[in-house]
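S.K.: A structural model of the following input is requested.
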Amino acid sequence: MSLLKTIDPNPSFEPKHRAAEPERLIAGSPAFRTWLQDTAKDGKVNTGVFEATPGETHSIKGETFEFCHLVHGVIELTEKGKDPVIYSAGDSFVMKPGYVGVWKTIETVRKIFVTVT
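M.R.: This next block holds a predicted model:
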């Protein structure tokens, strides 16, 4: 088993499809696709690619730490009680455990992610 893993930003295998959970939906009807590409530490560390179409949802991280690098698209994140921040292709950010806010996809976004629970 190799300890080096390349994350493909344009995977050719079928993703997991899902819609926004009704209790988290704010506006639109965003669709989500996830291509999980690696998992470690008994499922506590996950890496892959995520894509979302335009819409707006409540984002609640709970105990999860998430690093994101945007491959394409534009989003606006508004942490509860803070000013909105816009991220676009090439930007990277971290949402720490306890993060609560709004995720607004302005242009279909694709990100490479690493989550740790």
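S.K.: Asp8 - how many residues pack around it?
M.R.: Here the neighbour count serves as a burial measure; for Asp8 (other C-beta atoms under 10 Å) it reads 12. All C-beta spots, glycine's among them, are computed from the backbone N, C-alpha and C.
S.K.: again with Lys80
M.R.: By the criterion of other C-beta under 10 Å, Lys80 has 11 neighbours.
S.K.: Quick check: the gap between it and Glu23.
M.R.: Plainly put, Lys80 is 16 Å away from Glu23 if you go by C-beta to C-beta, to the nearest Å.
S.K.: And Thr108, by the same measure?
M.R.: For Thr108, the distance to Glu23 under the criterion C-beta to C-beta works out to 23 Å.
S.K.: the more surrounded of these two?
M.R.: Each of Thr108 and Glu23 has its neighbours counted (other C-beta under 10 Å); Thr108 has more, 15 against 7.
S.K.: Assess the claim that the more buried one and Glu51 are in contact.
M.R.: Yes - between Thr108 and Glu51 there is a contact at 6.8 Å, judged by C-beta atoms under 8 Å.
S.K.: What's the separation between the residue nearest the centre of the chain and Ile112?
M.R.: Nearest to the geometric centre of the chain sits Phe50, at 5.5 Å (C-alpha atoms, centre = their mean). Per C-beta to C-beta, Phe50 is found 8 Å from Ile112.
S.K.: coming back round to it: what helices or strands is the helix or strand the residue nearest to the centre of the chain falls within leaning on?
M.R.: Phe50 is part of strand 45-52 when elements are defined by DSSP states H and E. Applying 3 or more C-beta pairs under 8 Å, 6 or more residues apart in numbering; DSSP states H and E, one finds that strand 45-52 makes contact with strand 31-40, strand 65-79, strand 100-116.
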